[in-house]
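Engineer: no sequence on this one, just coordinates:
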């Protein structure tokens, strides 16, 4: 009996450590998995704004839990994207946690796609991001995405400094119903109230913001 | 851009704009859009003879024909209203901003729009039993909802906040005789029974994603991302939001954010009942005895859970001397007034 108790305790401990690793992921292992991601998301995780084409989001510095959730969403279909689905489908739960941990610890890079935007459009984008447009019940980005829209907790990703083309595509995906993995339809409800001009403006504005607090 | 109108027709509002009296000056299309947005969201249309006012925005301010110095002060008031945390440790001792409860920067109907205070005060307030000015009303929010100490009457910050209120009321007559559309947090009809356990479940499903299971909300980069609903970071036991009908009205008309009127009346009341049954900093009017304090202010606390026993665990709510991060109980500039 005397030996039995420490053995159980040890077993319990190792199980607990295993769980923590599964939840948080191993960035070194994730780096290996990420080899399949770099063609689009780039070796620095910065992604790319592709004007008029499919933009690839910056993953560097995003919340690990958020990234992992997105990969699960691609697998289960609440995010539909022909480019991502085949890759997500090859990943097991542990690989997802690892690759998410890898990208989360990379240094965020600056968003692209807002550089040429006229000031009046940026002003409108700033209004939507920071104050919202309550005349159409569009709440501000920052009211969920946190101060500066740089993200809040595990659920609401940083969108400041994300590529304009990607933000625009996501808002349109919510409008079209090809993305519906937000909690309680919080984003979907707002996206559906936005015009093309609103989306253009807010995407451009956010792309010009820094992803981290200065 | 200032649009104030007297809604003269019954709820078939959209068809009856031709009936707008000649003295009203609505931009008809904009006013129609305004009402339609609200009714599409499930808000009731204005009733007959209700005063509908569309407060000007900060964009309108730039174009307004007023002194540039006044614009500057109004902008400061707006900034204080939406980032009240800049007064943390001086006037604010919790995680709240004014705009945490007054959504849409204080402009939204059914979210206690703030402009009515500018045109209905000075007036008698039952809460403190005397005639209150606009500044005194703002001071009440600081003392209770912000668990703090109001900026001094007549101070730069107090005048800036007052100016922002008055600016939003631009064009509305003083002491209007009509009822104001969307004033306060109109509560839905109280259901026969309220359930703490159902409220707790509904809270977990609908609210906790932002406000967290423990009600503490979230701070990011030293700023409030999501306000605290109870606990030390929230309003104290003297704030209007501790009254269950006020909380139910707020929730029904404003939560989850972006999806007003999506919860049933029963759900809104159950969540409110759960929320107002949690602990928070002491009422600044505390006498040292929770039951005596509740009795002394029974016109207020008859609607709250303060001094009552919570059924779920038998706890007497408000029976403590915790003032949160505020190092005093009662701000010294909240005083009775007799006009004698």
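Structural biologist: Right, received. Where do you want to start? Note that the structure is a prediction, hence the values are computed from the model and not measured. Residues are numbered from 1 along each chain as shown, chains lettered A, B, ... in the order given.

Engineer: Is any residue of stretch B:113-126 near chain A?
Structural biologist: No. Between stretch B:113-126 and chain A, judged by Cβ under 8 Å from any Cβ of the partner chain, nothing touches; the nearest distance is 10.7 Å. Every C-beta, even on glycine, is put in place using the N, C-alpha and C of the backbone.

Engineer: Could you check which helix or strand contains residue 203?
Structural biologist: Since you didn't name a chain, this refers to chain A. Element membership for residue A:203 (DSSP states H and E) is helix A:196-207.

Engineer: my question was about chain B
Structural biologist: When elements are defined using DSSP H and E, residue B:203 is found to belong to helix B:196-206.

Engineer: could you say what helices and strands the helix or strand following that helix packs with?
Structural biologist: Elements were assigned by DSSP H and E; along the chain past helix B:196-206, the next helix or strand is helix B:208-211. Using 3 or more Cβ pairs under 8 Å, 6 or more residues apart in numbering or on different chains; DSSP states H and E as the contact criterion, the elements in contact with helix B:208-211 are strand B:223-226.

Engineer: Paired strands for the strand it packs on, with orientation please.
Structural biologist: Within its sheet, strand B:223-226 is paired with strand B:218-220 (antiparallel), according to DSSP bridges.

Engineer: what mean pLDDT does stretch A:166-182 have?
Structural biologist: Here the mean pLDDT over stretch A:166-182 is 97, rounded to a whole number.

Engineer: Next: stretch A:112-125.
Structural biologist: The predicted confidence, averaged over stretch A:112-125, sits at 97.

Engineer: tell me how far the ends of that stretch are from each other?
Structural biologist: Between the start and the finish of stretch A:112-125 there is a gap of 15 Å, counting by Cα to Cα, to the nearest Å.

Engineer: quick one: low-confidence parts of the chain?
Structural biologist: Went with chain A since none was named. Where chain A drops to pLDDT under 70, the residues are A:1-23.

Engineer: that's the other chain; I wanted chain B
Structural biologist: Residue ranges of chain B with pLDDT under 70: B:1-27.

Engineer: what's in contact with the helix holding residue B:203?
Structural biologist: Contacts made with helix B:196-206 from outside it, assessed by Cβ atoms under 8 Å, 6 or more residues apart in numbering or on different chains, are listed as A:184, B:213, B:255-256, B:263, B:267, B:270-275, B:277, B:310-312.

Engineer: Among these, name the buried ones.
Structural biologist: A residue is treated as buried here by neighbour count (16 or more other Cβ atoms under 10 Å in any protein chain shown); on that basis the buried members of these are A:184, B:255-256, B:263, B:267, B:270-275, B:277.

Engineer: Give me the domain ranges for chain B.
Structural biologist: What automatic domain parsing lists as the domains of chain B is B:3-54, B:59-168, B:196-301.

Engineer: again, but for chain A
Structural biologist: In the assignment given by automatic domain parsing, the structural domains of chain A cover A:1-36+A:62-105, A:109-214.

Engineer: Would you tell me whether the last one gets close to chain B?
Structural biologist: Translated: domain A:109-214. Yes. Under the criterion of Cβ under 8 Å from any Cβ, chain B is reached by domain A:109-214 at A:127, A:131-132, A:134-137, A:139, A:143-144, A:146-148, A:150-153, A:155, A:183-186, A:189-190, A:213.

Engineer: Can you pull the residues of chain B lying near chain A?
Structural biologist: Residues of chain B that fall close to chain A, judged by Cβ under 8 Å from any Cβ: B:33-34, B:37, B:41, B:57-59, B:82, B:103-105, B:107-108, B:206, B:209-210, B:218, B:220-221, B:223, B:225-226, B:256-260.

Engineer: Which parts of chain A are helices?
Structural biologist: Under the criterion DSSP state H, helices of chain A are mapped to A:4-24, A:27-33, A:38-41, A:64-76, A:85-90, A:93-104, A:119-130, A:142-145, A:164-176, A:186-191, A:196-207.
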